[in-house]
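1. Fold the following for me, if possible:
(one chain, ligands or ions: 1)
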Amino acid sequence: MQAAIDEALLGLREGGVPIGAVLVEDGKIIGRGRNRRVQQQDQLMHAEIDCLRHARLTDGYHNTTLYSTLMPCYLCAGAVVQFGIKKVVVGEGRSAPAARNFMQSHGVEVLDLDNALCKEMMAEYIRQNPALWEKFLAELNPDILKPSLPSISIRHHLLPGDVGYITYLHAVLYAPRQGWDHTFDSYVAIPLAQFALRNSPQERIWIVENEGRIVGCVAIVKFSESEAQLRWLLLRPALRSQGWGRKLVQEALAFSRDAGYSSVFLWTVSALPAAAGLYRSVGFRETEKVTHELWGRRVTEVKYEMELK
Ligand SMILES: [Zn+2]
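-> Have a look, this model is predicted:
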């Protein structure tokens with residue numbers, strides 16, 4: 001890291017932005033570079049790019065580590081992923097964290113040293129050159145500075161493919177982990193297909209989509225005039241722990257009240273404690289438990305019920 005800092009200080013003395021980088025292979029530095037945005041009036045001359053441009057060619061970058069005084073931006077992170085560099089060590093990662101996730105999602109190990117000198121060097125430069133720094137930021141695509149929010153929507157009508165796809169999601173998200181066999185598919189598919197055919201105003205499905213892709217669902221199914229059954233609660237892992245499960249269950253309960261039911265029940269399995277916690281937190285209580293051979297395993301099914309007021 002000291003070699004990268006030296007490059008950054010060299011850049012500072014040249015009147016440039018103090019960001020330095022070195023590429024290390026088997027403990028030896030094989031490339032050095034510094035940001036030359038100002039010196040060369042070249043907006044592509046980031047420290048990491050300059051370093052790669054001047055690096056000795058290798059048979060492959062999988063044994064190399066890139067050191068940079070600042071967390072690589074998307075341009076440089078793209079180069080890291082493109083070249084197959086497996087490890088990136090940064091002096092300062094907090095002021096530009098966005099591309100860290102990008103690199104990690106491509107299997108790159110990212111280590112943030114949180115180095116005091118690296119932090120102070122950047123902070124001091126920005127204090128001394130606020131207008132220049134603003135200008136550099138303005139050159140960036142402003143969208144990459146915003147966190148990417150998933151665009152989630154909910155629909156209540158079924159489309160061709162939904163019955164099959166929701167069955168498929170249940171199967172792939174639950175069966176392998178629980179050790180269930182293909183008969184679990186039928187347990188989901190048969191009542192779901194019957195639900196789809198009834199198209200009853202006393203029943204409703206919530207299909208959660210993210211950019212056109214189904215990522216979750218829940219439904220209220222009529223069991224009798226007074227009893228509704230909550231079924232098919234499902235969320236892809238990326239959507240869990242964000243309140244979506246609670247929101248879906250609460251909407252389903254509100255619908256059940258409006259539809260005139262006096263109670264709602266559901267069946268789950270004892271091996272899904274997070275779901276059970278959610279049901280209890282909105283007012284369901286456990287009323288029945290049965291252990292039997294199901295879906296190729298011994299499964300403990302648990303019934304939860306709730307009176308609607
Ligand atoms: Zn960069």
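2. Contact partners for the closest residue to Ser262 other than its chain neighbours?
-> Taking C-beta to C-beta, 6 or more residues apart in numbering, and ignoring the residues beside it in sequence, Ser262 has Ser226 as its nearest neighbour in space, at 4.5 Å. Just so you know, the C-beta spots here come from the backbone N, C-alpha and C atoms, and that holds for glycine as well. Contact partners of Ser226, counting by C-beta atoms under 8 Å, 6 or more residues apart in numbering, are 261-263.
3. and those, which are buried?
-> Tyr261 (16 or more other C-beta atoms under 10 Å).
4. got the contacts of Ser226 as JSON lines, with distance to the ion columns?
-> Conversion of the contacts of Ser226 to JSON lines gives the following (distance: C-beta to the ion, whole Å):
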{"residue": "Tyr261", "distance to the ion": "58"}
{"residue": "Ser262", "distance to the ion": "62"}
{"residue": "Ser263", "distance to the ion": "59"}
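5. of all the contacts of Ser226, which comes closest to Phe195?
-> Distances from Phe195 to the contacts of Ser226, taken as C-beta to C-beta, are shortest for Tyr261 (15.7 Å).
6. Next, that closest one: secondary structure please.
-> Following DSSP: H, G, I helix; E, B strand; the rest coil, we place Tyr261 in the coil state.
7. Now do the phi/psi pair for it.
-> phi -70, psi 150 (degrees, to the nearest 10).
8. Nearest spatial neighbour of it, chain-adjacent residues omitted?
-> Ala228 (4.2 Å).
9. In contact with the one you found, which residues?
-> 202, 220-222, 256, 259, 261, 263-265.
10. Then Ile85?
-> Residues near Ile85 by C-beta under 8 Å, 6+ apart: 23, 61-62, 64-66, 108.
11. Low-confidence stretches in the stretch 151-300 of the chain?
-> Residue ranges of the stretch 151-300 of the chain with pLDDT under 70: none are present.
12. Residue of the stretch 101-250 of the chain closest to the ion, please.
-> Minimum separation of the stretch 101-250 of the chain from the ion (C-beta to the ion) falls at Leu140, amounting to 9.9 Å.
13. Now do the residue lying closest to that residue once chain neighbours are set aside, the pLDDT please.
-> Distances taken as C-beta to C-beta, 6+ apart place Cys73 nearest to Leu140, at 7.7 Å, with adjacent residues excluded. For Cys73, the model assigns a pLDDT of 90.
14. Could you do Ala99 as well?
-> 86.
15. May I have the secondary structure class of it?
-> Ala99 - assigned by three-state DSSP - is helix.
16. Tell me how many other residues crowd it.
-> 23 (other C-beta atoms under 10 Å).
17. tell me which element the residue lying closest to it once chain neighbours are set aside falls in.
-> Ranked by C-beta to C-beta, 6+ apart and with sequence neighbours excluded, the top spatial neighbour of Ala99 is Ala77, at 3.7 Å. According to DSSP states H and E, Ala77 maps onto helix 74-83.
18. Name the residues that touch the helix or strand that comes right after that helix?
-> Scanning forward in sequence from helix 74-83 by DSSP H and E, the next helix or strand is strand 87-90. Contacts to strand 87-90, defined as C-beta under 8 Å, 6+ apart, come from residues 1, 64-72, 80, 103, 108-113, 118.
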